[in-house]
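**Q** Got a predicted model here, sequence first, then my questions.
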Amino acid sequence: MSKALLSRVDERVLADVVVIGSGVAGLRAALGLAPRSVHLITRGSLGRGGSSRLAQGGVAAAIGKDDSSGQHAVDTLAAADGLAEPAVVDLLTRAGPEEIRRLEALGVRFDREPGGSYSLAREGAHSRARVLHCGGDRSGAELVRALVERVAGEASIARFEAAEALELVVCQGRIVGVLSRHADERLVLHGARAVVLATGGLGHLFAHTTNAPESTGEGLAMAALAGALVADVEFVQFHPTALAVGVDPMPLITEALRGAGATLIDTAGNSVMSALHPAGDLAPRDIVARAIWSRRQRGEEVFLDAREVMKSGGVERFPTVYRLCRDHDLDPSSQPIPVLPAAHYHMGGVWTDAHGRASTPGLWACGEVACTGAHGANRLASNSLLEALVFGGGVAADIDTALQTAAGPFRTGLMASVGETTQTRRPLGVRQARKIAAELRHRMWTDLGLVREAAGLGRALAWSEEWLEKGVDGALRRQLTVMRLVAKAALFRQESRGGHFRQDYPQSDFQAGRRFGLTVVGNREAVPPIEIGFLGEEKPVAALAGSRESTP
Ligand code: SIN
């Protein structure tokens, strides 16, 4: 932070831990940290913003009689297309059943069959019915409700709503706090012994997305600009079935509908998927999404035919989908509904170890902003809420242990944290910034979307760097940084795998199929260098960032 910016800080406050973001991961982490003093910073109002609340799909957990965490792990690894970390997947899938019990103890009500057993749904690429839902397709909203109620009752968690986290504060290589702009426009420096990023994904940087407007990759950018390693950032998941009615964000049409028997059809009523994959409509998401995308490229429309499902109890089971369709004058029980793929989930993010620790001391990450290695190149449906819960809790436990054993020189650190991070840059007028942000979303969709190739990736990289070179500031700088990182990683990965499909390298190449990370080196230049290095399984993080600029 520059001296100029520091002199504009209106207030300095201290907590044990700052948690940025109030989706399921952030709420779970904050709750797990109580009774330590926590500052919970959120862009919206608690429980009202973000993507967790919109999640229709539920929580995957191996709870059925015919299921096991081992089978859940096998499915997760298969969907991940060779890039997930088996130990992390094991941790995640083993924790599923316990996490469900913990949620119930918090007051979450999962749907049950008339006989009392859990209602378990099957979604794409799951070999078993293992997805638990709440209120049919209102799972995310119910989880957020229960967690918010608990957080609101915790005196040790101070909430800062409508506050925007701007920048992580670095002191001698350690994260010691976060600078944020509060609702009343004051600049407040939150000093802390630990900072948790739980800011969600980057979906809203794409012109077509199911994600809430808050999902603009801010946490990813802040971490990268503070020197933290980011990994797998080229892997974006596009959900095959967003409702194509011209609204932004696009309403999600849950995959559970296909699990219940709905099918994708063309204008003539023929199946889109049956000839393309043995699992048909329940093939992995990237395959279904690209199948729809290629139909659209040929000028054809694709619909989800959920008429039978809706007529046989679907209206009650999928109340959100039904209402969304009705809001747009569509009746899913009597007509097929128009669908299009849309950016939905970011598998990549801030690299963390299995405890949620980032490569920079003092920083942890959980939920979609984190890259734990649980999802590899493609996330298995309904694993994300599970991951947010498991790693949100894990981060809290790890910080607690770390704070018990470490003395906290953070007060000195916070006061001395001058000159280690960004310089003040040239702010753009509001109208021009909006125009560039809109163009960024358009370019992300066309050049970094479902089907990529070198020319488009190079264009996206050059465009983001041109604007960064001009010295833009604030949210736009962070968004351009994210675009630059995704373009850089997507160029480097000269193969197709999971959510990353390159027209010019359509095969999965075993050698190229290794995970790599990116590190932004320094933060003083407008366009700082980026180093790329393969993630070595045993190597310490510091040794991972060998520079490797061109071909794999
Ligand atoms: C869905 O309900 O289709 C989305 C669930 C998920 O993304 O995990």
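**A** Okay, I see it. Numbering: from 1, shown residues only.
**Q** Which secondary structure state is assigned to the closest residue to the ligand within the stretch 51-200 of the chain?
**A** Proximity to the ligand, evaluated over the stretch 51-200 of the chain using CB to the nearest ligand atom, is greatest for residue 57 at 2.3 Å. Glycine gets a C-beta too; all of them are placed from N, C-alpha and C. In the three-state summary, residue 57 is assigned as coil, counting by DSSP: H, G, I helix; E, B strand; the rest coil.
**Q** Repeat that for the one 10 residues further on.
**A** On the three-state scheme (three-state DSSP), residue 67 is labelled coil.
**Q** With adjacent residues omitted, what lies nearest to residue 223?
**A** Nearest residue to residue 223 in three dimensions, chain neighbours excluded: residue 350, at 4.4 Å (CB to CB, 6 or more residues apart in numbering).
**Q** contacting residues for the one you found?
**A** Each residue near residue 350 by CB atoms under 8 Å, 6 or more residues apart in numbering is listed here: 197, 219-220, 223-224, 228-230, 358, 363, 365, 369-371.
**Q** Angles on the backbone of the nearest residue to the residue of the stretch 51-200 of the chain closest to the ligand once chain neighbours are set aside, please.
**A** Residue nearest to residue 57 in three dimensions, not counting chain neighbours: residue 382, with 4.4 Å by CB to CB, 6+ apart. The phi and psi values for residue 382, taken as degrees, to the nearest 10, are phi 70, psi 10.
**Q** Check residue 361 too.
**A** Note on residue 361: its backbone torsions stand at phi -60, psi 140 [degrees, to the nearest 10].
**Q** neighbours around it, how many?
**A** 16 (other CB atoms under 10 Å).
**Q** How about it: what's its closest non-neighbour residue?
**A** Across the structure, with CB to CB, 6+ apart as the measure, the residue nearest residue 361 apart from its sequence neighbours is residue 174 (4.6 Å).
**Q** shouldn't the one you found be in contact with residue 228?
**A** No. Contact between residue 174 and residue 228 fails when scored by CB atoms under 8 Å: they sit 11.4 Å apart.
**Q** Can you pull the residues that touch both of those two?
**A** Common neighbours of residue 174 and residue 228, using CB under 8 Å, 6+ apart, are residue 360.
**Q** Near the ligand, which residues of the stretch 1-150 of the chain? Just list them.
**A** Contact residues (CB under 6 Å from any ligand atom) of the stretch 1-150 of the chain with the ligand: 56-57.
**Q** correction: the chain
**A** Contacts of the chain with the ligand, taken as CB under 6 Å from any ligand atom, map to 56-57, 254-256, 345, 381-382, 384.
**Q** In ChimeraX, how would I select the buried members of the residues you listed?
**A** The following ChimeraX command selects only the buried members of the residues of the chain next to the ligand, with burial defined by 16 or more other CB atoms under 10 Å:
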select :56,57,254,255,256,345,381,382,384
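**Q** need the residues of the chain next to the ligand in JSON lines with distance to residue 513 and pLDDT, can you?
**A** Shown next, in JSON lines, are those (distance: CB to CB, whole Å; pLDDT from 0 to 100):
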{"residue": "56", "distance to residue 513": "31", "pLDDT": "78"}
{"residue": "57", "distance to residue 513": "27", "pLDDT": "77"}
{"residue": "254", "distance to residue 513": "30", "pLDDT": "92"}
{"residue": "255", "distance to residue 513": "26", "pLDDT": "90"}
{"residue": "256", "distance to residue 513": "30", "pLDDT": "89"}
{"residue": "345", "distance to residue 513": "20", "pLDDT": "97"}
{"residue": "381", "distance to residue 513": "22", "pLDDT": "91"}
{"residue": "382", "distance to residue 513": "25", "pLDDT": "94"}
{"residue": "384", "distance to residue 513": "22", "pLDDT": "96"}
